[in-house]
Every structure is written in C-alpha cells, then in structure tokens.
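Colleague: Model the structure of this input:
(one chain, ligands or ions: 2)
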Amino acid sequence: MADSIIQIEKLDKTYKGGHQALKNVDLEIKRGEIFALLGPNGAGKTTLIGIICGLVRPTSGTVIADGHDIAKDFRKARSAIGLVPQELATDMFTTVWATIEFSRGLFGKAPNKKHLEKVLRDLSLWDKKDNKIATLSGGMKRRVLIAKALAHEPTILFLDEPTAGVDVELRREMWEMVRRLRESGVTIILTTHYIEEAEEMADRIGVINKGEIILVEDKHDLMRKLGQTQVTIVLKEPLTSLPHQLLTWPVTLSEDGTTLHLALKGESDDTEADATGLIKALAALNIDFKSVDMSRSSLEDIFVSLVAGDNQ
Ligand SMILES: Nc1ncnc2c1ncn2[C@@H]1O[C@H](COP(=O)(O)OP(=O)(O)OP(=O)(O)O)[C@@H](O)[C@H]1O
Ligand SMILES: [Mg+2]
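Modeller: Ligands and ions are numbered 1, 2, ... in the order given. Predicted structure coming up:
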C-alpha cells in the first residue's frame, strides 16, 4: 500500500527454549504517523522491534520496511531505520560526536557535519559533543542514543521505551522533539509504559499481549469507543426516587438519595451535551445541587481493562 511504510505479515517468533514471543502478528504502519505500541512486560514489543531492525531472526513471516524486504534486502531496509534501543548500550569511552559520526558511517552515508550538528542541537547536546559518553547523565545518554539513531537520516524511527527513567521536564522536551521529527517526515513507532505518553503523542495505538496484537485503533476512535465519562452530581436535598423525567439519561441515584451518577460512553466532546442536558432537566424540576464533577476515563483505564485478567 502506498500510504504504509511498514508491512508485517504472519510474523512468528519462538525463542530457543520454546517460548513463543510473537504469534501470527499482522501490522501496518502508516507513513508519517506516530504509532504507540503498548503492552505489559514480556508482551513481545522489543522482540517485534528487534525483528524489524534485524537483531532478532523471525521464525516465520515477512516484514517490508520502506519498500524493502528485511530478509532479502536487509541493508536497504535497515538503512531506512533508526533504532533507539531499550537498553543503554553504547561505547562509553568515545565522545558524543565520534559516536554519531561513526554510526552514520556504518550505514554507508557520506559525512555530513551539518546534519549531525543539527541533530545534536535539536537534542540540546551540542555543548556536550566533545564529552565522553560515560561522563553524561542518564537522560543525556538517552538523548545520545536518539542522536545516534538519527545520524544516518532514517525515514523510520523506533523508540523502545524512550523516556523510561527520564524526568518530567526532559520527557516533555523529548515529546516535542518527536513531534518535530514527525513534521520533518519521519515515521515514529514507540513503545512505552507511560500510557500518558501514548495518549499525548500517538496517532494510532496498538496493544500487544502475550505475543498477540489484540487491537490497533486510531487513538481518538479508541477513546470514543471504549472511553467513559463519569458525571457525579451531589444534590442539596436527597431524593426518595429518581424522577421519571431523568430516565432518558443513563443516570442512577445513590442509596442515600444524595448523589446522581451519570455514566456516558465516548470522549468528553460528545458527552458534554448529555451532561448539560441532564443539568438543565434538574433545573426544570427545581432540584438544586451542591456540585457537579466530571471525570473522563483515561487511556490507562482502557488499557488495563483490555489486558485485565490475562496477566497475573
Ligand atoms: N533472547 C531471548 N531468548 C529467550 N527468550 C526471550 C529472549 N528475548 C525475549 N525473550 C522472551 O520473549 C518474551 C517477550 O520479550 P520482549 O522483550 O519482547 O517483551 P517486551 O514487551 O519488550 O517487554 P518489556 O515491556 O519488559 O520491555 C518474554 O517472555 C521474554 O522473556
Ligand atoms: Mg521491551
């Protein structure tokens, strides 16, 4: 398909020792999107990324990356890809500059100091370019890995847990950087345990559990389909029963008669009108209230319910 940049078909991986880490995975990544892959520990995220990047050999199945089959045309496929691995593994005793310069060379790209400088500046690493990596903080090391992944100008960037152990401020900076990269045309696939990160960043979300992709959805569609808004209205005077005029809404009355609960499906935009309607109906019935509270279920709630019960 013209608008997809990665096509994965019927991918299986059984590690030596018999553990099946991926089961019949089909997945397409669209050109230019930010795709978040979510799943509990051991779900198969790093295995999937490892196969696409040629670090792990699949048991069966095919992967096409930027038009190149990773099995038949590995070098071309790989040079389209930048990988920021989950584990911090790089030569600690070389400088930041030498590390990224070397990485670019590995992919057979002609030297380009301008590009490398831009990458380092974008990641606020320019003033560290002559420092040995061992002397940098954990967050800076992580940014060096990103710089290294971008040195050869890939069109696809994998970020495996990019912000694990990164402070809130730096995490926000990295999100900004990822957005800028996407604007420059790079397709981004990230895994994360911070659901907030996926909610903030992703265009589409895939959920993997025990080696199986159990869902792939546009983020907003997902929240609309599975999200809920809870509206809690605390009344001034308790009611003995629920007035029949209110039964058009999915509303319940607490046992003591003091609180109305309204549970609405979908995103807040769609449900605000419902909540406002209910409040108007209360006013028309001269029912006074002390407070109204609205809370929207997060992607986290949705995610937990999707993989619930399946993991101990
Ligand atoms: N080299 C290996 N040999 C054998 N089993 C492996 C190997 N690498 C991973 N596994 C197993 O495959 C499964 C998937 O691991 P993987 O690292 O892909 O999970 P993950 O989703 O990235 O988890 P996490 O969120 O903890 O990073 C796990 O059960 C893991 O123990
Ligand atoms: Mg992993």
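Colleague: What are the phi and psi values at Met223?
Modeller: Here is the backbone geometry of Met223 (degrees, to the nearest 10): phi -70, psi -30.
Colleague: scratch that, Thr240 is what I was asking about
Modeller: According to degrees, to the nearest 10, Thr240 has phi -80, psi -30.
Colleague: Retrieve the pLDDT associated with the closest residue to it other than its chain neighbours.
Modeller: Nearest residue to Thr240 in three dimensions, chain neighbours excluded: Gly257, at 6.1 Å (C-beta to C-beta, 6 or more residues apart in numbering). C-beta coordinates here come from the backbone N, C-alpha and C atoms, glycine included. You'll see Gly257 listed with a pLDDT of 94.
Colleague: wait, doesn't Gly257 sit right on Pro238?
Modeller: Yes: counting by C-beta atoms under 8 Å, Gly257 does reach Pro238; the two are 3.5 Å apart.
Colleague: if you count what's nearby, which of those two comes out ahead?
Modeller: A count of neighbours by other C-beta atoms under 10 Å puts Gly257 above the other of Gly257 and Pro238, at 14 against 11.
Colleague: Tell me who's in contact with Tyr194.
Modeller: Taking C-beta atoms under 8 Å, 6 or more residues apart in numbering as the criterion, Tyr194 is in contact with 163, 171.
Colleague: any idea how far it is from Asp26?
Modeller: Relative to Asp26, Tyr194 is positioned 26 Å away (C-beta to C-beta, to the nearest Å).
Colleague: Arg75 too?
Modeller: Distance, Arg75 to Asp26, by C-beta to C-beta: 25 Å.
Colleague: Tell me the secondary structure at the residue in the chain positioned nearest to ligand 2.
Modeller: Closest to ligand 2 within the chain is Thr46: 3.1 Å, counting by C-beta to the ion. Classification of Thr46 using DSSP: H, G, I helix; E, B strand; the rest coil returns helix.
Colleague: what does the one 10 residues further on give?
Modeller: Here Val56 is recorded as coil under three-state DSSP.
Colleague: State the number of residues packed around it.
Modeller: The local packing of Val56 (other C-beta under 10 Å) involves 17 other residues.
Colleague: cool, Asp66 as well?
Modeller: Asp66: 17 neighbours (other C-beta under 10 Å).
Colleague: cool, and Asp12?
Modeller: As a burial measure, Asp12 scores 16 neighbours (other C-beta under 10 Å).
Colleague: same question, the one 4 residues further on
Modeller: For Lys16, the number of neighbouring residues by other C-beta under 10 Å comes to 5.
Colleague: Please report how far it lies from Gly206.
Modeller: Lys16 sits 27 Å away from Gly206, going by C-beta to C-beta.
Colleague: any low-confidence regions in the stretch 1-150 of the chain?
Modeller: Residue ranges of the stretch 1-150 of the chain with pLDDT under 70: 1-2, 90.
Colleague: In it, mark out all the strands, start to finish.
Modeller: For the stretch 1-150 of the chain, the strands defined by DSSP state E, counting those that start in this stretch cover 4-14, 20-30, 34-38, 60-65, 68-69, 81-84.
Colleague: re the thing from before, am I right that the residue of the chain closest to ligand 2 is in contact with Thr191?
Modeller: Yes: using C-beta under 8 Å, Thr46 is in contact with Thr191, at 7.4 Å.
Colleague: and for these two, which residues touch both?
Modeller: Counting by C-beta under 8 Å, 6+ apart, the shared contacts of Thr46 and Thr191 are 86, 160.
Colleague: out of the two, which sits in the busier spot?
Modeller: In this view Thr46 and Thr191 are compared by other C-beta under 10 Å, and Thr191 has more residues nearby, 25 against 20.
Colleague: ok, now how distant is that one from Arg224?
Modeller: Thr191 is 24 Å from Arg224, by C-beta to C-beta.
Colleague: Tell me where the stretch 201-312 of the chain is predicted with low confidence.
Modeller: Scanning the stretch 201-312 of the chain for pLDDT under 70 picks out the ranges 266-272, 297-298, 309-312.
Colleague: mind listing the strands in it by residue range?
Modeller: Using DSSP E, counting those that start in this stretch, the strands of the stretch 201-312 of the chain run over 204-209, 212-218, 228-235, 251-253, 259-265, 289-296.
Colleague: okay, the ones you listed, which one's buried deepest?
Modeller: Among those, strand 204-209 has the highest mean neighbour count (mean count of other C-beta atoms under 10 Å), at a mean of 22.
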